[in-house]
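Asks: predicted structure and sequence below. I'll ask about it afterward.
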Amino acid sequence: MPDNHQKNIATFVHLSSFSRFIIPLGNFIGPVILWILHKDKSPFIDQHGKQIINFQMSILLYTLVLGAISLPFFAFTFFNGFDVFNSFHFPDFHFNFKKPSPFFYLTGGFVFFAVIAFVIEVVLIVKASLAARDGNFYNYPFTINFFK
């Protein structure tokens, strides 16, 4: 059974992923630093550190895949009325904003999915930190185990 100090460290390992709102890539830097400093002191902290790092790396991978899939749809939506061949003649340069493209709705769906995924990520991090506070292990769903 972990003591209060170990529970607090494990909780802060999870909550340190919110440092991304202050520091770029803080969702990786914070948990990695806390995990490296305390992983040898307790298997409880080691397990929680691996879980949050695996979760953040999985989220990054899913975000890159979603971005790679949605980028062409965004480009087709934005440049729908762009006249490519006459782009150097300014009178022929125009955008068509009258009728939305079907790609516009698909791009909106990707954005909606990304917002929902962000909310779920925040909820899961809070849930994991509460489990660590209570002295329980937590496994994030949809996580690829890079570190075992």
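Replies: Looks like it came in fine.

Asks: what helix or strand does the most centrally placed residue in the chain sit in?
Replies: Compute the mean C-alpha point of the chain, and by Cα atoms, centre = their mean the closest residue is I59, 4.3 Å away. Counting by DSSP states H and E, the element that carries I59 is helix 43-78.

Asks: which elements pack onto that helix?
Replies: On a contact count with 3 or more Cβ pairs under 8 Å, 6 or more residues apart in numbering; DSSP states H and E, helix 43-78 meets helix 4-15, helix 26-38, helix 102-133. Glycine gets a C-beta too; all of them are placed from N, C-alpha and C.

Asks: so for T63, which of those sits nearest?
Replies: Across the helices and strands packed on helix 43-78, T63 has its closest neighbour in helix 102-133 (7.7 Å, Cβ to Cβ).

Asks: tell me which of the helices and strands packed on helix 43-78 lies nearest to L64.
Replies: Comparison of the helices and strands packed on helix 43-78 against L64 by Cβ to Cβ identifies helix 102-133 as nearest, at 12.0 Å.

Asks: from I59, how far off is the closest residue to S70 other than its chain neighbours?
Replies: Nearest non-adjacent residue to S70, counting by Cβ to Cβ, 6 or more residues apart in numbering: F110, 3.9 Å away. Per Cβ to Cβ, to the nearest Å, F110 is found 16 Å from I59.
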